[in-house]
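1. A structural model of the following input is requested.
(4 chains)
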Protein chains: 2
Amino acid sequence: MPNIRLVGTMTPAVEDYLKTIFLLSTRGEAVTTSALARELHVSSPSVSAMMKRLSDGRLVERETGVHLTAQGEREALRVVRRHRLLETFLARVLGMPWDEVHVEAELLEHALSERLEARIDAALGHPTRDPHGDPIPPAAGAHDESWGRSLAGTPAGSRFRVERVSDRDSDALRYLGEKGVRPGVVLEVGEQEPYGGSCRVLLGGEPLALGQVLTHLVFGTVVEGDA
Amino acid sequence: MPNIRLVGTMTPAVEDYLKTIFLLSTRGEAVTTSALARELHVSSPSVSAMMKRLSDGRLVERETGVHLTAQGEREALRVVRRHRLLETFLARVLGMPWDEVHVEAELLEHALSERLEARIDAALGHPTRDPHGDPIPPAAGAHDESWGRSLAGTPAGSRFRVERVSDRDSDALRYLGEKGVRPGVVLEVGEQEPYGGSCRVLLGGEPLALGQVLTHLVFGTVVEGDA
DNA sequence: GCCGGATGTTAGGCACGTCTAATTCATCCG
DNA sequence: CGGATGAATTAGACGTGCCTAACATCCGGC
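-> Residues are numbered from 1 along each chain as shown, chains lettered A, B, ... in the order given. Below is the predicted model of the structure:
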């Protein structure tokens, strides 16, 4: 009577793959072998081999690209929850700047016990957003990972409330933080200068020019009321 | 021009071995293959293989038993420092009971970056003792790991100040914590009941009976002044 | 002096996670 | 249509860290 699940599931590597599949999906990108290889900084054959393992373990299914099974998504959400709780903790309790918390959380997320996770969650008052505005999946129950609209392409004249800032580019994140662009602030969107130029915005009345790289990292909603 | 050091040093496993060698040494126990196998819950051949690797990497030397080279001890102290800083942090900041912090720190100690270590150290005000009274090795400089004397064998009539309580037995630790036996308290040592009986002590005037297992876990010094 | 137990090593094997090189396959373009 | 291009897989290998089984060695007691 050999074991059903092919040896030991949920290693750090498995967690990283599941998390990355989940995040690629919610960003609306195709979850392909090469996309995963790019994101995880491994070779394509490594991804192929891991997809075989995850597929055998009923954590993913493979049709066009890859997608998580219900169980795979559960596990992915557990990792994302730990990651974002840790980011929140590092920022709020240790005062770590928001452009540093991501890489630290990447290291710690695989070593966080349920007991400690629960204690951190309680100490923070059960937060629902991490420092970048990313929603923290609840320990149990539904999770909404929607991104809102990008600041890029938001028409001039809009009032735009920042809700999330992507943590993918640490340098850009630090720059935006220095300029005061963080979840909760409202931008008055001005001209988009043509041919790849800056987007002019007002932040608390102060003018600010945001390059294209930056406007594609800022997400939120258009709010009522004019400038 | 091939690499001098034999492939990738300082994996989590290597850190665990170095830490265990260090702690066995400072407890005055012989650092043998079988002792390491017992402590690390691995087989003797696993230890043999790892000793080969550590020896090739100039982290240990093998004569009678095993002992750390200067570099091996440096690395071991780095791990012990991270471990004890984490224990202190978990206890002080998250209110985790002292019988739980050890296992959590075991998980986290391999995932702690220097940056986060420094931040935790600063947030705690550069502590020198962890919750069990174990000294925290400084980031640089000499370290004293001496244990003082054991409560077991301390003569009746002594006033004994507790300095360290071994974290090896988590249940015993919880029990001692409930009874108020922790670093800093002074015990008035009473009768040692014969044939493996309890040691009678007074703690803040209250009588307390400590079984042999417990008295061997409590370390400190005899202080002046009578009961 | 020899036998038995403890201690330690060698031999061989395996899961994990990665790599490079070669292959397959589809697609797109000329 | 046919070749280049890119995506994905297969094949083969390697380091890490663990295991069991077998062998070696040493030491104490009878």
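2. Quick one: mean pLDDT for the one helix or strand residue A:24 maps to?
-> Here residue A:24 sits within helix A:12-26, counting by DSSP states H and E. Throughout helix A:12-26, pLDDT has a mean value of 97.
3. Show me what the helix or strand just after that helix is packed up against.
-> Past helix A:12-26, further along toward the C-terminus, the next helix or strand under DSSP H and E is helix A:33-40. Judged by 3 or more Cβ pairs under 8 Å, 6 or more residues apart in numbering or on different chains; DSSP states H and E, helix A:33-40 is in contact with helix A:12-26, helix A:44-56. Placement of C-beta: from N, CA and C, glycine included.
4. buried residues in helix A:33-40?
-> When burial is assessed from 16 or more other Cβ atoms under 10 Å in any protein chain shown, helix A:33-40 yields the following buried residues: A:33, A:35, A:36, A:37, A:39, A:40.
5. what sits up against it?
-> With contact meaning Cβ atoms under 8 Å, 6 or more residues apart in numbering or on different chains, helix A:33-40 is reached by A:16-17, A:20-21, A:24, A:29, A:42-44, A:46-48, A:51, A:66.
6. average model confidence for that helix?
-> Across helix A:33-40, the per-residue pLDDT values average to 96.
7. How far away from the center of its chain is that helix?
-> Centroid separation for helix A:33-40 versus its chain: 16 Å, with Cα atoms, centre = their mean, to the nearest Å.
8. Render the CA-only coordinates of it in CSV, please.
-> Taking Å, rounded to 0.1, in the frame of the first residue of the first chain, the C-alpha atoms of helix A:33-40 are listed here in CSV:
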residue,chain,number,x,y,z
THR,A,33,6.9,27.1,-18.4
SER,A,34,9.0,30.0,-19.6
ALA,A,35,7.2,32.6,-17.5
LEU,A,36,7.8,30.6,-14.4
ALA,A,37,11.4,30.0,-15.3
ARG,A,38,11.8,33.8,-15.7
GLU,A,39,10.0,34.6,-12.5
LEU,A,40,11.8,32.0,-10.4
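9. could you check the angle helix A:44-56 makes with it?
-> Here helix A:33-40 runs at an angle of 100 degrees relative to helix A:44-56 (axes from the mean of the first three to the mean of the last three Cα atoms, to 10 degrees).
10. does any part of helix A:33-40 sit near DNA strand D?
-> Yes. Contact of helix A:33-40 with DNA strand D (Cβ under 7 Å from any atom of the strand) involves A:33, A:34, A:35.
11. same thing with stretch A:61-74?
-> Yes. Contact of stretch A:61-74 with DNA strand D (Cβ under 7 Å from any atom of the strand) involves A:62, A:65.
12. Write out the residues of chain A neighbouring DNA strand D.
-> So far as Cβ under 7 Å from any atom of the strand goes, chain A lies against DNA strand D at A:32-35, A:44-45, A:47-49, A:51-52, A:62, A:65.
13. Buried only: go through these for me.
-> The neighbour-count test (16+ other Cβ under 10 Å) applied to the residues of chain A next to DNA strand D identifies A:33, A:35, A:47, A:51, A:65 as buried.
14. Quick one: these as JSON lines, columns for distance to residue B:171 too.
-> Output for those, formatted as JSON lines (distance: Cβ to Cβ, whole Å):
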{"residue": "A:33", "distance to residue B:171": "49"}
{"residue": "A:35", "distance to residue B:171": "49"}
{"residue": "A:47", "distance to residue B:171": "45"}
{"residue": "A:51", "distance to residue B:171": "44"}
{"residue": "A:65", "distance to residue B:171": "50"}
